[in-house]
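Novice: Predicted coordinates and the sequence they were generated for:
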Amino acid sequence: MSERFKKVSDRLSPELKQRVSKSFDISDQILDILEKKRITQKQLADKLGKSESEVSKWMKGDHNFTIDTIVKIEIALEEKIIDTPNNYQKERLASEDTKDQFEKWDKYKPASFKTSYLNNTIEIPVKTAIL
């Protein structure tokens, strides 16, 4: 960090420093999702009904994202940008519920039902009816 930048940074309020930091975090998260999904900024702009230059400005890291904008981007990308503790808790409970259901099923499944996780095969016995 240059000495000049440090002097300017030292004069900023803690709130402004935090806001800028959060803005960079959000834009970095969006860029990571775009890269992972192989979506261009132009494609994102088209999905949002925005210009490519506007989205490009957002990605510089100093944009003050509103909740509305974040939600629109999350919907366009079909992925969360910001995860809150409540969302994490809901997802964890949902996955625990699924795990509980599987464990209950596993406990009562027929003995002849074999599941092999190593080679991804499932053997299910077929009963033939005598007519």
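Specialist: Yep, that arrived.

Novice: Okay, domains of the chain per the record?
Specialist: 3-77, 85-123 (automatic domain parsing).

Novice: which one of those has the lowest average pLDDT?
Specialist: Mean pLDDT is lowest for domain 85-123 among those, at a mean of 57.

Novice: residues in contact with residue 33?
Specialist: 39, 77, 79, 81 (CB atoms under 8 Å, 6 or more residues apart in numbering). Every residue, glycine included, has its C-beta placed from N, CA and C.

Novice: The closest residue to residue 54 other than its chain neighbours - how many residues pack around it?
Specialist: Spatial nearest neighbour of residue 54, chain neighbours left out: residue 45 (6.8 Å); criterion: CB to CB, 6 or more residues apart in numbering. Residue 45 has 18 neighbours, counted by other CB atoms under 10 Å.

Novice: helices or strands next to the helix or strand where residue 45 lies in the packing?
Specialist: With secondary structure defined by DSSP states H and E, residue 45 is part of helix 41-48. Applying 3 or more CB pairs under 8 Å, 6 or more residues apart in numbering; DSSP states H and E, we find helix 41-48 packed against helix 14-37, helix 52-58, helix 67-77.
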